[in-house]
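**Student:** the sequence isn't on hand, but the structure is:
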């Protein structure tokens, strides 16, 4: 939350056909400034330069209540949803090749791996905290937070380059909670 009102909207371009929007709002709710908020929202969608489709939605909000000059209660939360279709390798293994390949070894106009990989990650969090400035030297703080992360993905991964210039890959699959 911010004591000064804010209202910003941004549109951007990340390459390929991928655009994003960002909204940032905040400020005091009451005349005395005891209650203030902040809200952010981001939405992104489109194909990157390797034709990997990505979609991202993010929302966060916070609310502060200053009961007195020395006592504040805050609550906050966020949601992040990321989806991609056409995932490619996340790392290379060149040990079998005996050399590090140069960019000219690959057709840079297309992904090295098949683009059937997908990934869907969802993150949620919520929290609250209390802060009491007892005096100039003593502050008491308490907080509680909750977070949950879930992933469903299947993608080609781990590209192995062999000495003869050919390569192969492994794929992985994962579904379920990352944390809770």
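**Tutor:** All right, it came through fine. None of the values given here were measured: they were computed from a predicted structure.

**Student:** output the contacting helices and strands for the strand ranked longest in the chain.
**Tutor:** Taking DSSP state E as the assignment, the strand of the chain that covers the most residues is strand 138-161. Contacts defined by 3 or more C-beta pairs under 8 Å, 6 or more residues apart in numbering; DSSP states H and E place strand 138-161 against strand 71-87, strand 92-93, strand 117-135, strand 167-179. Using the backbone N, CA and C atoms, a C-beta is placed for each residue, glycine as well.

**Student:** hey, least reliable of those strands by pLDDT?
**Tutor:** Mean pLDDT per stretch puts strand 92-93 lowest among the helices and strands packed on strand 138-161, at a mean of 60.

**Student:** circling back: what angle do the longest strand of the chain and strand 117-135 make?
**Tutor:** Calculated by axes from the mean of the first three to the mean of the last three C-alpha atoms, to 10 degrees, strand 138-161 forms an angle of 160 degrees with strand 117-135.

**Student:** which of the residues in strand 138-161 are buried?
**Tutor:** 153, 155-157, 159-161 (16 or more other C-beta atoms under 10 Å).

**Student:** listing partners with orientation, what would you give for that strand?
**Tutor:** Sheet pairing here is set by DSSP bridges, and for strand 138-161 it gives strand 92-93 (parallel), strand 117-135 (antiparallel), strand 167-179 (antiparallel).

**Student:** so who does the nearest residue in space to residue 57 that is not next to it in sequence touch?
**Tutor:** Leaving aside its chain neighbours, residue 57 sits nearest to residue 81 (4.7 Å; criterion: C-beta to C-beta, 6 or more residues apart in numbering). By C-beta atoms under 8 Å, 6 or more residues apart in numbering, the residues touching residue 81 are 56-58, 120-123.

**Student:** emit the ChimeraX select command for whichever of these are buried.
**Tutor:** Those of the contacts of residue 81 that count as buried under 16+ other C-beta under 10 Å are selected in ChimeraX with:
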select :56,58,121,122,123
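
**Student:** could you provide the contacts of residue 81 in a markdown table, with additional columns for distance to residue 19?
**Tutor:** Formatted as a markdown table, the contacts of residue 81 follow (distance: C-beta to C-beta, whole Å):
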| residue | distance to residue 19 |
| --- | --- |
| 56 | 11 |
| 57 | 13 |
| 58 | 15 |
| 120 | 20 |
| 121 | 20 |
| 122 | 22 |
| 123 | 22 |
